[in-house]
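Participant: Here you go, sequence then predicted model.
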Amino acid sequence: MSALIRIQDLTKQFPMGGRRFTALDGISLEFERGEFSGLVGPSGSGKTTLLNIIGALDNPTRGSAIVLDRDTKTLRHREAARLRNHNLGFIFQTFNLLSVYTVFENVEFPLLLLKMEKSGRRKAVMDALEWVGLTDKVDMRPARLSGGECQRVAVARAMVKNPKIVLADEPTANLDAENSHNILKMMIGLNREFRTTFIFATHDEKVIGYLKRIISLNDGQVVRDEEP
Ligand SMILES: Nc1ncnc2c1ncn2[C@@H]1O[C@H](COP(=O)(O)OP(=O)(O)OP(=O)(O)O)[C@@H](O)[C@H]1O
Ligand SMILES: [Mg+2]
């Protein structure tokens, strides 16, 4: 059986003042179902860029990312959206919450895309908000929340549909130690129960302590890939 995610000789360049900046430089990696893995490395080493490509939010310049047997660069806009809606949960480094919606509505959003019916949605949203300890803030809008609370809403939104793959970009950057450990334990539980595949991008030693595979990036290259 082929891997859940296959990154093949992937290069990503961005235009930079008439020249090109190489953010990812010939990376090859595979992820199997049920991995609890993380990308680590200095700021600017390419972690977010790689998560965006795995999540079909961006295309490689060369090489390919094959996610659930789909080569992401061959997908039309709608097919990429479908792949994301059905299979991927994203936790963005900058949260990307919808400011006009409440906490409840932000977490409900992925379920609306899946056309889940109302009572099922309500239960799933409240369960997800309970995982992250935010059931008392359901009707608030993101502008009134602390940074850590916004981060927890983003975690709940990514997890609410029980996706096959979770791409988590610095999901604990704004959390205190207790909330970080609670969220990581919740994720480990989902990983065990549903074999949810996790790929983190992180600098956080607390997160790194939970990882079963650590992939180190430097200047857009994989410099280490180890199981601690
Ligand atoms: N859209 C873009 N246009 C130009 N350069 C970009 C773009 N996106 C990323 N880069 C550059 O690519 C490099 C890698 O960025 P990336 O965001 O992947 O780093 P990172 O490892 O996630 O860093 P951090 O730990 O700070 O989040 C950086 O030097 C960044 O400036
Ligand atoms: Mg980043």
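Facilitator: Nice, thanks for sending it over. Only a predicted model underlies this, so the values are computations on that prediction, with no experimental measurement involved. Ligands and ions are numbered 1, 2, ... in the order given.

Participant: Local confidence estimate at the closest residue to Ala3 other than its chain neighbours?
Facilitator: The shortest distance from Ala3 to any non-neighbouring residue, by C-beta to C-beta, 6 or more residues apart in numbering, is to Glu30 (3.9 Å). The way it works is simple: take the backbone N, C-alpha and C, and place the C-beta from them, glycine included. With respect to pLDDT, Glu30 scores 98.

Participant: What count of nearby residues applies to Phe90?
Facilitator: Counted with other C-beta atoms under 10 Å, residues neighbouring Phe90 total 20.

Participant: so Val153 is in which element?
Facilitator: In this assignment (DSSP states H and E), Val153 forms part of helix 147-159.

Participant: Output the helix or strand following that helix in CSV with nothing but the alpha carbons.
Facilitator: Toward the C-terminal end, the helix or strand that comes next after helix 147-159 (DSSP H and E) is strand 165-169. The C-alpha trace of strand 165-169 is given here as CSV (Å, rounded to 0.1, in the frame of the first residue of the first chain):
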residue,chain,number,x,y,z
ILE,A,165,-5.0,14.4,8.5
VAL,A,166,-4.4,17.3,10.8
LEU,A,167,-1.8,19.9,9.8
ALA,A,168,-1.0,21.9,12.9
ASP,A,169,1.2,25.0,12.5
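
Participant: tell me the angle the helix or strand just after strand 165-169 makes with helix 147-159.
Facilitator: For strand 165-169, the following helix or strand on the C-terminal side (DSSP H and E) is helix 177-194. Put simply, helix 177-194 runs at 10 degrees to helix 147-159, going by axes from the mean of the first three to the mean of the last three C-alpha atoms, to 10 degrees.

Participant: Quick one: mean pLDDT for helix 177-194?
Facilitator: Mean predicted confidence for helix 177-194 is 91.

Participant: Same question for stretch 59-66.
Facilitator: Stretch 59-66 carries an average pLDDT of 97.

Participant: what does stretch 2-15 give?
Facilitator: 95.

Participant: Relative to the whole chain's centre, how far out is that stretch?
Facilitator: 16 Å (C-alpha atoms, centre = their mean, to the nearest Å).
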